[in-house]
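> Below is the sequence, then the predicted model.
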Amino acid sequence: MEKKITPYKDSELNKKKQVEQMFDTISGNYDGLNRVISFGIDIKWRNKVVKLVEHTNPETILDIATGTGDLAINLARTGAKEIIGLDISEGMLSVGRKKIADKHLSGKIKMVQADSEALPFEENSFDAITVAFGVRNFETLEKGLTEIFRVLKPGGIFVILETSVPTKFPYKQGYKFYSNALLPLIGKAFSKDKVAYSYLSESAAAFPFGEKFNNILRKIGFINVEDKPQTFGVATIYTASKR
């Protein structure tokens with residue numbers, strides 16, 4: 001069972017609302033800080049996601065937990081006719097809309113504020129669905145994945161990029177030190193939210209990565225489930241499809 005981690009443990013708000021407020025707060029610094037904390041490697045990971053989607057020649061793509069739209073913008077390279085970036089945080093979406101407009105992609109990419117666990121789309125709507133660093137923020141993981149399964153077309157591809165924890169020495173020890181000691185300090189230096197990046201490291205450590213997550217996807221009904229660890233296991237790309 002997924003261990004539930006919330007950003008602000010003394011708050012009466014549920015996880016979903018807390019996550020929304022947290023990302024609203026850090027939205028202005030999010031892109032730059034992502035480059036710093038990942039040493040820029042997150043760009044390489046997203047490019048791999050784009051290539052996996054591109055091979056399926058999708059016409060419609062849904063990017064869940066799109067944040068400021070980094071992945072949605074990159075997915076424009078697939079040639080898809082319609083890309084929807086969905087996120088619960090209006091602050092993140094506002095930053096994303098400006099980036100999309102600056103790249104003259106507003107006619108192709110639409111940003112939508114909505115709950116990933118109650119997607120405002122019909123069944124079998126999308127040829128491809130992606131989530132980058134977002135599934136660990138679902139309040140109820142299986143509910144969110146079930147919604148994704150519902151709106152994915154039969155034969156469509158689902159690609160997830162998510163943090164994971166290295167299991168081999170010395171990467172496991174190095175990752176633990178970095179995520180527990182350095183990441184929160186870097187977050188505090190760049191963001192006025194002192195809790196946000198502590199939460200991000202805690203939620204990453206609590207996420208059921210690897211085969212545990214594969215089994216959850218299979219339980220929901222996904223087929224052809226595979227995981228591809230990245231950069232010594234600090235992140236993993238998962239792929240799945242729908243019969």
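Looks like it arrived, so ask away.

> use CA for all of it now, contacts and neighbours both
Fine.

> and the lowest-mean-pLDDT helix or strand in the chain, how far out from the chain's middle?
Between all helices and strands in the chain, the lowest mean by mean pLDDT, DSSP states H and E belongs to helix 183-190, at a mean of 71. Distance of helix 183-190 from the chain centroid (Cα atoms, centre = their mean, to the nearest Å) equals 20 Å.

> Same question for stretch 144-159.
Distance, centroid of stretch 144-159 to centroid of chain: 15 Å (Cα atoms, centre = their mean).

> swap in stretch 118-128?
Relative to its parent chain, stretch 118-128 has a centroid offset of 17 Å by Cα atoms, centre = their mean.

> what's the helix or strand for Ile26?
Per DSSP states H and E: Ile26 is located in helix 15-26.

> What residues of that helix count as buried?
Lys15, Lys16, Gln18, Val19, Glu20, Gln21, Met22, Phe23, Asp24, Thr25, Ile26 (16 or more other Cα atoms under 10 Å).

> immediately after the longest strand along the chain, which helix or strand?
In terms of residue count, the longest strand belonging to the chain (DSSP state E) is strand 152-163. Per DSSP H and E, the first helix or strand lying C-terminal to strand 152-163 is helix 171-177.

> hmm, back to that, give the other helices and strands that the least confident helix or strand of the chain contacts.
With contacts taken as 3 or more Cα pairs under 8 Å, 6 or more residues apart in numbering; DSSP states H and E, helix 183-190 sits against helix 30-37, helix 196-206.

> mind exporting that helix as CSV, just the C-alpha atoms?
The C-alpha trace of helix 183-190 is given here as CSV (Å, rounded to 0.1, in the frame of the first residue of the first chain):
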residue,chain,number,x,y,z
LEU,A,183,17.6,18.6,-1.9
PRO,A,184,15.6,20.4,0.9
LEU,A,185,18.4,22.9,1.3
ILE,A,186,18.5,23.7,-2.4
GLY,A,187,14.7,24.0,-2.4
LYS,A,188,14.8,26.5,0.5
ALA,A,189,17.4,28.6,-1.3
PHE,A,190,15.4,28.9,-4.4
